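Let's see this in three dimensions:
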Amino acid sequence: MKVEDFDFDLPEELIAQTPLAERSHSRLMVLDKETGSIKHEQFKDIVEDLHEGDCLVLNDTRVLPARLYGTKQDTGANIEVLLLKQEQGDEWETLVKPAKRIKEGTVISFGDGRLTATCVGVKEHGGRMLKFNYDGIFYEVLEELGEMPLPPYIRERLDDQDRYQTVFARERGSAAAPTAGLHFTEELLDEIREKGVHIAFITLHVGLGTFRPVSVDTIEDHDMHAEFYQVSEGTARLLNEVKAQGGRIITVGTTSTRTLETIASKHGKFVEENGWTSIFIYPGYEFKAIDGLITNFHLPKSTLIMLVSAFAGKENVLHAYETAVKEKYRFFSFGDAMFLK
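Model (predicted):
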């Protein structure tokens, strides 16, 4: 299957640069995957599209303010550091710019020495292993000194860092937000619960690989990045009960989808589990876990639009995207949403 088959024309002005003032006031396109029919709503109307006994599955990962600006301790040269993955203790895999200035033994200072990092290893593609030194609790220091690593297509500065977090973000560890969840408010979640819809939480820490372009011509040749997930015993039990009672499992975002499909593919049901997933879902995949999907509008030729196309049909999805462009929907992280059912 060709990557080119998932291309579409997207005017740059439709890429949302800032979030709306009200999270739940974004637009919502409802796509029926059986008929291809489309409805246009506001996101807060999602309550009407959910049924008593359904279960909404949310990713409670919390984005780290993982971009740090510091200086080389010996020369004062400016250095930018992006945290990728905690390896052990205070050692992190990072991306550093300019990487050529950072060799083993180099010390970088952040916040007038409040935080320092020593390079303890050199990796491929500009990667560096840094060991951090600080007083207090690392994540508290990071919240004070770090900035949100916004996606590369967002060029505006974010005034309120919390707008790149979901209102239910709990588990620190993501390099990017599970953006379909950004539309929910506490009030909207309460409305959904009052209707008799269950709400379950899973965790998948989004890696920067989610923004990596597909660089091959044929989908099957693409190597999917791995991301860490965890599902609790309580969530697994609830999901199995909802399925047994005929309710729908509706995932919020491709991250929740990949997590549940990984577990269902391995076990044939939902179980408590921690692990890494590199599942790549594209047309031809047979879904084993989910019955509906709430997601944002994705990049052309991305693995995300391939996943959505696998669920709702490539022709349906590309027609919906063509409609979204025509109707001037807002795209990507701070953009509008789709409900595929």
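
Tell me where the stretch 201-341 of the chain has helices.
Per DSSP state H, counting those that start in this stretch, the stretch 201-341 of the chain carries helices over the ranges 233-244, 254-267, 303-312, 314-326.

Now these in JSON lines, please, with extra columns for mean neighbour count, distance to Ala117 and mean pLDDT.
For the C-beta atoms, the positions are set from N, CA and C on the backbone; glycine is no exception. Conversion of the helices of the stretch 201-341 of the chain to JSON lines gives the following (neighbours: other Cβ atoms under 10 Å; distance: least, Cβ to Cβ, whole Å; pLDDT from 0 to 100):
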{"stretch": "helix 233-244", "mean neighbour count": "16", "distance to Ala117": "36", "mean pLDDT": "98"}
{"stretch": "helix 254-267", "mean neighbour count": "24", "distance to Ala117": "29", "mean pLDDT": "98"}
{"stretch": "helix 303-312", "mean neighbour count": "24", "distance to Ala117": "32", "mean pLDDT": "97"}
{"stretch": "helix 314-326", "mean neighbour count": "17", "distance to Ala117": "42", "mean pLDDT": "98"}
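
Save the ones you listed as JSON lines, and put in distance to Gly196 too.
Formatted as JSON lines, those follow (distance: least, Cβ to Cβ, whole Å):
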{"stretch": "helix 233-244", "distance to Gly196": "11"}
{"stretch": "helix 254-267", "distance to Gly196": "20"}
{"stretch": "helix 303-312", "distance to Gly196": "25"}
{"stretch": "helix 314-326", "distance to Gly196": "29"}
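
Looking at the ones you listed, which is nearest to Pro65?
Closest approach to Pro65 among the helices of the stretch 201-341 of the chain (Cβ to Cβ): helix 254-267, 19.3 Å.

which other helices and strands contact the closest one?
strand 55-59, strand 198-204, strand 227-231, strand 249-252, strand 273-277, strand 292-296, helix 303-312 (3 or more Cβ pairs under 8 Å, 6 or more residues apart in numbering; DSSP states H and E).

same thing but 6 Å
Using 3 or more Cβ pairs under 6 Å, 6 or more residues apart in numbering; DSSP states H and E, the elements in contact with helix 254-267 are strand 55-59, strand 198-204, strand 273-277.

thinking again about what came up before, mind checking which of the helices of the stretch 201-341 of the chain is nearest Arg114?
Closest of the helices of the stretch 201-341 of the chain to Arg114 is helix 254-267, at 32.3 Å (criterion: Cβ to Cβ).

Give me the angle between that closest one and strand 55-59.
Computed by axes from the mean of the first three to the mean of the last three Cα atoms, to 10 degrees, the angle separating helix 254-267 from strand 55-59 equals 110 degrees.

Now do helix 254-267: everything it contacts.
Helix 254-267 is contacted from outside by 57, 59, 178, 202, 204, 206, 229, 251, 270, 273, 277, 279, 288-290, 293, 304, 307, using Cβ atoms under 6 Å, 6 or more residues apart in numbering.

if we go to 7 Å?
With Cβ atoms under 7 Å, 6 or more residues apart in numbering as the test, helix 254-267 has contacts from 57-59, 178, 202, 204, 206, 229, 231, 249, 251, 270-271, 273, 277, 279, 281, 287-290, 293, 295, 304, 307.

Many thanks, have a good one.
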